[in-house]
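Student: coordinates only, no sequence provided:
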């Protein structure tokens, strides 16, 4: 099982990671960061395959994927 971490302080809610996820498990949260952006999250971490497509797509490098 892969571990996906988002640096919520830097996430700007662009949703590119949401579109990139082949398993469709990344979504924008209802939580906002200190800048007012809705942050991305993985709701079903057990379904993550660790492909890192979300991290590759992130323009702000806020996603870390560990296998």
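Tutor: Looks like it came in fine. It should be emphasised that the depicted structure is a prediction, and the values quoted were computed from it without experimental measurement. Numbering: from 1, shown residues only.
Student: hmm, residue 25 and residue 48 touching each other?
Tutor: Yes - judged on Cβ atoms under 8 Å, residue 48 makes contact with residue 25 at a distance of 6.3 Å. The way it works is simple: take the backbone N, C-alpha and C, and place the C-beta from them, glycine included.
Student: need the residues touching each of the two.
Tutor: Between them, residue 48 and residue 25 share these contacting residues under Cβ atoms under 8 Å, 6 or more residues apart in numbering: residue 42.
Student: thought residue 55 was touching residue 64?
Tutor: Yes - if you go by Cβ under 8 Å, residue 55 and residue 64 touch, sitting 6.8 Å apart.
Student: so between the two, which is more surrounded?
Tutor: In this comparison of residue 55 against residue 64, neighbours counted by other Cβ atoms under 10 Å, the higher total goes to residue 55 at 17 against 13.
Student: in three-state terms, label the more buried one for me.
Tutor: Look at residue 55: counting by DSSP: H, G, I helix; E, B strand; the rest coil, its state is helix.
Student: cool, and the one 10 residues further on?
Tutor: The local conformation at residue 65, judged by three-state DSSP, is strand.
Student: need the contact list for residue 59.
Tutor: Applying Cβ under 8 Å, 6+ apart as the definition, the contact partners of residue 59 turn out to be 14, 16.
Student: show residues contacting the strand of greatest length in the chain.
Tutor: When secondary structure is assigned using DSSP state E, the longest strand within the chain turns out to be strand 26-32. In this structure, residues lying in contact with strand 26-32 by Cβ under 8 Å, 6+ apart are 4, 8, 13, 15, 17-18, 20, 38-43, 54.
Student: mind doing that once more with 7 Å?
Tutor: Contact partners of strand 26-32, identified using Cβ atoms under 7 Å, 6 or more residues apart in numbering, comprise 13, 15, 17-18, 38-43, 54.
Student: what's the answer for stretch 14-21, then?
Tutor: Under the criterion Cβ under 7 Å, 6+ apart, residues 26-28, 40, 53-54, 57-59, 63 lie in contact with stretch 14-21.
Student: residue 54: neighbouring residues, count only.
Tutor: Taking other Cβ under 10 Å as the criterion, the count of residues near residue 54 is 25.
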